[in-house]
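*Asks:* Below are the sequence and a predicted model for it; my questions follow.
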Amino acid sequence: MPPPDRSRAFALALGLVAAAMSWPARAADARGPDQPQLLRPHGGSSQAGREIVQALGCGACHRIPGIANARGEVGPNLAGFARRSYIAGRLPNTPANLEAWLRNPPAIDPDTAMPAMGMDAAQIRDVASFLHQLE
């Protein structure tokens, strides 16, 4: 048996790691079998997250489905957030990465216009849950 081609094995392993990192973990929800499963970050409440997003005025910068007057054009439109591969074009869309982004966006991208909003850990989980249910 010939020795394995190390560069080919390395490329395959690297590809598998990259694919695994960009594939967000999915948790079961109450949808039927024909509906995609959506992310459920760390037990947050999507309803509480909706209320926090509205109270913080996130719609001043973002378009957000289900939020009255959320017609901002500075930040991205958040419709379909649950199906996005990346957060801010930088991070794989996973619960942990979204929570890190919501905690302190400038720490991840110093050039972002999005400020740290001063949310506590529970509020961050709730907002992450709300965003990850946006289809």
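*Replies:* It's in. Numbers count the residues shown, from 1 in each chain.

*Asks:* where exactly do the strands run in this structure?
*Replies:* 86-87, 91-92 (DSSP state E).

*Asks:* which residues in the protein form helices?
*Replies:* 6-22, 46-56, 95-103, 105-108, 121-131 (DSSP state H).

*Asks:* Not counting sequence-adjacent ones, nearest residue to Ala113?
*Replies:* Using C-beta to C-beta, 6 or more residues apart in numbering and skipping the chain neighbours, the partner closest in space to Ala113 is Val74 (6.1 Å). C-beta here means a position set from N, CA and C on the backbone, and glycine is covered the same way.

*Asks:* I meant Gly49, not that one.
*Replies:* Closest to Gly49 by C-beta to C-beta, 6+ apart is Phe130, at 2.8 Å.

*Asks:* Same question for Arg90.
*Replies:* Closest to Arg90 by C-beta to C-beta, 6+ apart is Asp109, at 6.1 Å.

*Asks:* pretty sure that neighbour contacts Ile87?
*Replies:* No - with contact defined as C-beta atoms under 8 Å, Asp109 and Ile87 do not form a contacting pair (9.8 Å).

*Asks:* Name the residue in these two with the higher neighbour count.
*Replies:* Set Asp109 next to Ile87 and count neighbours by other C-beta atoms under 10 Å: Ile87 wins out with 21 against 15.

*Asks:* residue ranges with poor pLDDT in the chain?
*Replies:* Counting by pLDDT under 70, the chain shows low-confidence ranges at 1-42.

*Asks:* repeat that with 50
*Replies:* 9-37 (pLDDT under 50).

*Asks:* sorry, back to before: for Leu98, which of the strands of the chain is the nearest?
*Replies:* strand 86-87 (5.7 Å; C-beta to C-beta).

*Asks:* Starting from that closest one, tell me which strands it pairs with and how they run.
*Replies:* If you go by DSSP bridges, strand 86-87 pairs up with strand 91-92 (antiparallel).

*Asks:* residues in contact with Met117?
*Replies:* Counting by C-beta atoms under 8 Å, 6 or more residues apart in numbering, Met117 touches Leu56, Leu102.
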